[in-house]
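> quick one, structure for this:
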Amino acid sequence: MRLIVTRALSVSLLFLFILAQFNPLQSQVQEEPLQYQSLQHALFSGGQLSGERGPQNVQWIEGGDRYSYMVQNPETGTSEIRAYSPADDSDELLFDSTEHTFPATDKAFQFRTFQWSADFRYLVFQTNFTPIWRYSGNSDYYYYSIEDSTLELIAEDAFTAELSPDGQKVGYHRNGEMFVFDLDSGEETQLTFDSAENLFNGRFGWVYEEEFGLVQAWKWSHDSRYIAFWQSDEDHVKRFESTNYEGQYPEYTNIPYPKVGAENPYVKIGVIDTQTGNKQWMDLDIGTGLIPRVYWTRNEQELAVVWMNRQQNELRLFFHDVADGSGELILEESSDDGWIDVFSFSAGIDDYFFFPDYRQEFIWISDRGGFRHLYRYDYDGNLINQITDGAWEVTNVHAINPDSEKIYYESTEISPLERHLYSVSFDGSEKRQYTEDPGNHSFSMGQDGRFFIDTWSNIDTPTQVDLRTTDNGGELLKELVNNESVTEYINEYNYSPRELFSFTPGSGVALDGYMVRPPDFSPDSTYNLIMMIYGGPGSQGVYNQFETNPWVQYLAQEGYVIANVNNRGSGGYGKEFEKAVYKNLGELEAADYVQTATYLASNDWIDSDNIAIRGHSYGGYMAALSMVLHPDVFNVGLVGAPVTDWRLYDTIYTERYMGLLDENSKGYQNSSVMSHTRNLKGNMLVAHSSMDENVHIQNTMQMVTAFTNAGKDIDLRIYPPGAHGVAYNQQSYLLLHQVYTSYLNRHLK
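Next up, the predicted model:
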């Protein structure tokens, strides 16, 4: 028997050896990296590159001593809320959805998000979400007591809801009105009564929500007595209709959407006393201006209101007495060479004004000196001191500790390609850096600034998630995620990392970029270049961070070089660099893409006669515009959901960067793709959705007509049910990328 087994093993080994000689792939498995078998294989393997991201939906509680987070139970697939203490490494289960059903039903309880009461004894859950616009929708809200494990319904079909700071009430918006729910009595009280079909209390119109980055149009006062709210009147706002063309007679959606030069929603700021029900309007001469933000100061019954003119290059900060609505001008700022920001979507910061506890002063992030820095003012509007200074930018504020007088902020001081965490005293002294690893860092920090979660990567290192403390200069307390699986994966597959480069083109303005080369790159071969860009004002496409895009990896494997650049207009480089595009969107960005392509094509291994450019949204605009402004440079363009004429886009975004139409008609004309369609020489593929409520398909249709009238042919793909992302399910996502990839192969190879 032993002899037979030995012979059988010998025959098997001999068979495998012979088979390996005729199967090179199998014989090289241990020697050469694997390749993606198809585009589908690559796209749906994207999670292998991004890896784990650490705790999700982190909310710091108990002043920053612990953080709560959501986790999915791998055995049940249900959600849990847990709380972790960095001080003693303890982890506690606070809520398990398997132990609860929706009240009076046997249906398992599920939730989308949660929020805490100020005393951390209660949770409010958002469930049954029905989307309305990109970021908002209606939901049901439930109230949960940690102490007695009871779950109760608060409101159905509410647009937004929030616990009061004292944890005794829940405010919410529903059907145009504001309500409050008393948790002790279980009673609902309606606070406003004057809504109409297109008039809302405590809810924004589409353009405010989309372009000022807020969904909730109301705020609790610190003492939980008052609610400040926007009233938005859209009855006069022109509407836009769209459809997905389903059914025998398609249904149309119809939303108020003010385009350049049209009237914006009318807004008012009101304050409700939830104890008495009294309502007081703030005395504001808004005119044609905008109210992007309101804040409660640390004085009782005092509301700060930010007013901006329509083109957003003038800002005024008022303090209002909510008892009678009277206001006082505290701070005023204007700019002749650019817009003024009150938040940054790209940097992930909602507010540029901060009102620390227990202090008669506020902190403002402004680029008035050429770079975004922290400025400290008293409540009379007097500048106390500039807190930070230098040829770099403060990009976020993560905590302000009024007791220690420390501000914990993120900045570009090391490099515009990186973000690091610092602290500084209110008077600008004792600056300290807490992160040392090169790369792009993002942070979640407790309210007191003691503990923080650091999520970071660089071009050589997959995403790392660390728990640290500022007590000892950023000491590592716990490694939450190291993504060894990603390292193993890229060692197994043909992975192509980002390579950073910098150069100074003929414009004299230095530019930073990255490229991804084929894994089997040889300087003796020739490759096609694809510029993958976005480029919108204040955004940034190039960081020192790990490359995780699976489509980029597949294209590199197929022999393409992929590149991007931080064009003029990008954030992180100071006011002069960012606002060089003011009132002239598109021209400088396109010039920088040309300079980058020319710089890379100076290498013999780039085919300078076959260069593609690809972008989506603002990037789609730039891909189309670059092809008609520079037809001899880009001969293939992949254009996704493009703005093609800024007169077709919304007021708040466009007029911020382009100014008013009657003051800059030439700029609007020059920045339109349609003004240059006769120049097209290359091959352009455009993809758009008819249900895109952000960039309307009208942009693409007018561009198609303009190209047709110029005798130019382009290729078009319409995905009717999709929104701004074009793809609307897994199959359409795969198909869209197959179409893009085939188009590149057909016209470049």
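
> hmm, which helix or strand of this structure has the shakiest average pLDDT?
Every helix and strand of the chain was ranked by mean pLDDT, DSSP states H and E. The lowest is helix 2-21, at a mean of 34.

> is it correct that Phe95 falls within a strand?
Yes - Phe95: assigned to a strand according to DSSP: H, G, I helix; E, B strand; the rest coil.

> distance of it relative to Tyr69?
11 Å (Cβ to Cβ, to the nearest Å). C-beta coordinates here come from the backbone N, C-alpha and C atoms, glycine included.

> need the overlap of contacts for the two.
Common neighbours of Phe95 and Tyr69 are listed as Ile81 (criterion: Cβ atoms under 8 Å, 6 or more residues apart in numbering).

> now Asp285: how far from Glu576?
Taking Cβ to Cβ as the measure, Asp285 falls 33 Å from Glu576.

> also Phe193?
Taking Cβ to Cβ, one finds Phe193 at 51 Å from Glu576.

> neighbour count for those two, which is higher?
Under the criterion of other Cβ atoms under 10 Å, the comparison of Phe193 against Glu576 puts Glu576 first, with 14 against 11.

> assign the more buried one to helix, strand or coil.
Secondary structure of Glu576, reduced to three states by three-state DSSP: helix.

> just His173 next, same as before
Per three-state DSSP, His173 ends up strand.

> what's opposite it in the beta bridge?
Assessed by DSSP bridges, His173 has beta-bridge partners Thr160, Met178.

> that one contacts Ala158, doesn't it?
Yes - at 6.4 Å, His173 counts as touching Ala158 under the criterion of Cβ atoms under 8 Å.

> who's more crowded, these two?
His173 (26 against 20).

> so who does the more buried one touch?
Here His173 is in contact with 158-161, 179, 200-203, 216-218 (Cβ under 8 Å, 6+ apart).

> could you do Phe114 as well?
Shown in contact with Phe114 (Cβ under 8 Å, 6+ apart): 57, 59, 70, 81, 95, 123-126.

> likewise for Val271?
Shown in contact with Val271 (Cβ under 8 Å, 6+ apart): 226-229, 279-280, 282, 303, 322, 325.

> just flag the most distant two among the residues you listed.
Distance extremes for the contacts of Val271: the farthest pair is Ile227 and Gly325 at 14.8 Å, using Cβ to Cβ.

> with neighbour numbers in mind, choose between these two.
Set Ile227 next to Gly325 and count neighbours by other Cβ under 10 Å: Ile227 wins out with 25 against 16.

> isn't that one up against Leu191?
Yes - assessed by Cβ under 8 Å, Ile227 is found in contact with Leu191 at 7.0 Å.

> so what sits against both of the two?
Shared contacts of Ile227 and Leu191 (Cβ under 8 Å, 6+ apart): 178, 180, 272, 274.

> nearest to Leu500, of those residues?
Of these, the one sitting nearest to Leu500 (Cβ to Cβ) turns out to be Met178, at 50.2 Å.

> what's the neighbour count on that closest one?
28.

> then Gly261?
By other Cβ under 10 Å, neighbour count at Gly261 equals 13.

> for Asp471, same thing?
For Asp471, the neighbour count with other Cβ under 10 Å is 11.

> quick check: the gap between it and Tyr434.
According to Cβ to Cβ, Asp471 stands 10 Å off from Tyr434.

> picking up where we left off before, what about the shared contacts of Ile227 and Leu191, which are in strands?
Using DSSP state E, the members of the shared contacts of Ile227 and Leu191 that fall in strands are 178, 180, 272.

> now do the helices in this structure.
2-21, 24-27, 39-43, 46-50, 206-212, 484-492, 550-557, 575-578, 587-601, 618-629, 651-658, 665-670, 698-709, 730-748 (DSSP state H).

> residues touching Ser50, list them.
Neighbouring residues of Ser50 by Cβ under 8 Å, 6+ apart: 463, 486, 548.

> cool, Trp456 as well?
Trp456 neighbours (Cβ under 8 Å, 6+ apart): 435, 437, 439-442, 463-464, 466.

> give the closest residue to it in space, chain neighbours not counted.
His441 (4.1 Å; Cβ to Cβ, 6 or more residues apart in numbering).

> hmm, the one you found is touching Asn458, no?
No - His441 lies out of contact with Asn458 (Cβ under 8 Å); the separation is 9.6 Å.

> what's near enough to touch Arg82?
For Arg82, the contact set (Cβ under 8 Å, 6+ apart) comprises 68-69, 71, 91-94.

> ok, now Asn683?
635-637, 714-715, 743, 747.

> which ones among the residues you listed lie within strands?
Reading strands off these with DSSP E, I get 636-637, 715.

> now, which of those sits nearest Gly167?
Once Cβ to Cβ is applied, the member of these that ends up nearest Gly167 is Gly637, at 54.5 Å.

> what about the closest one, how many neighbours?
By the measure other Cβ under 10 Å, the count of residues near Gly637 is 29.

> mind checking how far it is from Thr276?
Noted for Gly637: a distance of 61 Å to Thr276, by Cβ to Cβ.

> next: Leu555.
64 Å.

> for those two, indicate the residue with more neighbours.
The neighbour comparison of Leu555 against Thr276 (other Cβ under 10 Å) goes to Leu555, with 28 against 8.
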